[in-house]
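**Student:** Provided below are the primary sequence and the corresponding predicted coordinates.
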Amino acid sequence: MKEKIKFVLKFAKPHKWKFIIMLLSIILASITLMILPFIIGWLVDEVLNAQNMSRFIYIVRIYGAVYIFNQAMYTIVNIMEKVTSTTFLFDIRAELYSRILRFRGSCLASMYSGDTISRMGYDVDQIMTMISINLFGLVSNFINMFIALVFIYCANIWMGVFTTVSTPVIIYVSRIFFGKAKSENTRIIKRKGILSSWTFEILGGMQEIKLLHASKQILSEFLRRNIEIARMSIGLNRIEVKAERFNTGILVLAQMCMFTIAALLVKANQLTIGGVTACFAYYTNCITTFNSINSKILSLSSNMVSCDRIMELFDAPLEEEGPEHLNKHKILKRNREQIAGSIELKNVSFYYNEERNVFKDLSFRINPCEKIAIVGNSGVGKSTLVNLLCRIYDVNDGNIFVDGKDIMEYDIKYLREQIGVVHQNSVIYNGSIRFNLQFAWDKFQDDLLWEALKMVDLYDFVNSLEDGLDTIVGTGGLYFSGGQKQRIVIARAFVKNSPIMIFDESTSALDSESEMTIKKSWELLGKNHTLLIIAHRWSTIINSDRIIVFEDGKATGFGRHEELLETCGTYNKLFREQVWYSNLSKSGEII
């Protein structure tokens, strides 16, 4: 609980005066609201019992003034809640999004996109609900209860004693159901987050689902997951209904007892009619307050779960954190000049889990401005190497050097500025072509963008579009072909113009003509860039300066194409298999 309070106060502190004004307004509104039953009782005694009509107008004016002040306080509460909610939740979401962008690769790999979206949306909203409605609401409820008890005690001590005795019973019952409701809420919210993530992925692959004729299976799985959540929700509803019915039964019984006590006191002339009227109003207010406290305590269980889910994201390790950064003052200060582009791995070992090594004592060196191809069977770690170079993941053992300096000594942002990466399934964003090339809307470097489009053979196509660079590509590049989307991604890397450029199966979706255009661009870039090309097409590989062959977590071959055919059995086998497959395809035996 202390951690949750510290977490909320961290973001509430910049808005403390708004929260203070809101809380004071709630307190004043609660106090004035509780004065009204007393005024009504006073009015009954003066007008009905004493027949003092001269006091009628005076009491009505007081009632009206108190009521107007009460409504003014509630108006301030409503305004401050809207204003504070907007800025307070904005700060949390901005900080949360900033942290997600700096999560370590291991965290990103275990995250569900739909669940994360749910946390940033619904769960963040629940923090404001917890403060403004539930916590501040509980303050208001307890003030109402205290004032009501004071007035009831002043009217008659026996009425006060009865009210006081019945109060803890109801609160105790509420606490019994609190723990059960919280645990059920935790399970339901987690399952809903997983369902959101799964639905998000399904909606992104609707075309494949239609082509596979898997709509019935997907619908069946969707219903199964929803039914599971529905059953859990029914269980939670049962707990809440039991709590509500049990509390209502106690309150009705207590109310009947209160009526009996009041009748006896009036008969004994120990309580006036006005006092009875006020006591009934206050007791009715106590009943409403008890129900409200019960509901808010149950609601807080859901709020606490949401708070826990958000804190999990804030507690996730960031890229800047970890043992390698304990001596941050020793980190190498780099200027903004580009690196030369040499890469060296020394005895690098890495695993995603301890049961299986991806790399074990991997070592090789790449000189500046070399064009290096990386080959190997699927799953040998070619793409993992890219993640290690960019520090999406850090090595478990060994060192990676860029320009002779360990990459752990570079500022991570600076390191990634020096490395451009194009994956086979790189993302196209729902924005303009300009935004997808430079992640900005300004037009200051349009000449560079057009030059990059020429290098990927998209200049004529984009120039023929009505809006040119401002053409919206649609979600996931919906309005463009697969080859066009991939060329936009490659052009994006050319715009970045990093001294080290990595192409991970980036030409696999291109036709032969487009691939030849990209290869010509590589020839130009190779003069002053270090190129790493991961590919399966031998037409892409054999003209590289050198080729690295990965097998069993090590580089089993490193040299030119002709050398590896003679000295590396793995490379020779891979090459002959593809040549055999290519010959079968040309002869028409493979369709």
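**Tutor:** The structure has been received and is ready for your questions.
**Student:** just name the shakiest helix or strand of the chain by mean pLDDT.
**Tutor:** Lowest mean confidence among the helices and strands of the chain (mean pLDDT, DSSP states H and E): helix 569-587, at a mean of 66.
**Student:** which element is Phe259 on?
**Tutor:** For Phe259, the enclosing helix or strand under DSSP states H and E is helix 215-267.
**Student:** so who does Glu505 touch?
**Tutor:** For Glu505, the contact set (Cβ atoms under 8 Å, 6 or more residues apart in numbering) comprises His423, Gln424, Ile534, Ala535, His536. (Each C-beta comes from the backbone N, C-alpha and C, glycine too.)
**Student:** of the residues you listed, buried ones?
**Tutor:** His423, Gln424, Ile534, Ala535 (16 or more other Cβ atoms under 10 Å).
**Student:** of these, closest to Thr32?
**Tutor:** Distance ranking of those against Thr32, using Cβ to Cβ, places His423 first at 63.6 Å.
**Student:** list the buried ones in the host helix or strand of Gln484?
**Tutor:** If you go by DSSP H and E, Gln484 is part of helix 482-496. Neighbour counts using 16+ other Cβ under 10 Å place 483-496 of helix 482-496 among the buried residues.
**Student:** lowest-confidence entry in the residues you listed?
**Tutor:** When the buried residues of helix 482-496 are compared on pLDDT, Gly483 comes out least confident, at 77.
**Student:** and the gap between that one and Ser512?
**Tutor:** 11 Å (Cβ to Cβ, to the nearest Å).
**Student:** ok, Leu24 next?
**Tutor:** Distance from Leu24 to Ser512, by Cβ to Cβ: 74 Å.
**Student:** same question, Lys527
**Tutor:** 24 Å.
**Student:** what of Ser363?
**Tutor:** Taken as Cβ to Cβ, the span from Ser363 to Ser512 is 36 Å.
**Student:** who has more neighbours out of the two?
**Tutor:** Ser363 (15 against 9; other Cβ atoms under 10 Å).
**Student:** where does the most centrally placed residue in the chain land in three-state SS?
**Tutor:** Geometric centre of the chain, nearest residue: Thr116, 3.3 Å, by Cα atoms, centre = their mean. At Thr116, secondary structure determined by DSSP: H, G, I helix; E, B strand; the rest coil is helix.
**Student:** so it sits against Leu313, correct?
**Tutor:** Yes. At 7.5 Å, Thr116 and Leu313 qualify as touching, with contact defined as Cβ atoms under 8 Å.
**Student:** who touches both of those two?
**Tutor:** Overlap of the contact sets of Thr116 and Leu313 (by Cβ under 8 Å, 6+ apart) consists of Ile100.
**Student:** which residue ranges make up each domain of the protein?
**Tutor:** 2-315, 343-421+497-587 (automatic domain parsing).
**Student:** out of those, which is closest to Thr471?
**Tutor:** domain 343-421+497-587 (19.2 Å).
**Student:** low-confidence ranges, the stretch 401-550 of the chain, go.
**Tutor:** 440-443, 474-479, 508-511, 513-514 (pLDDT under 70).
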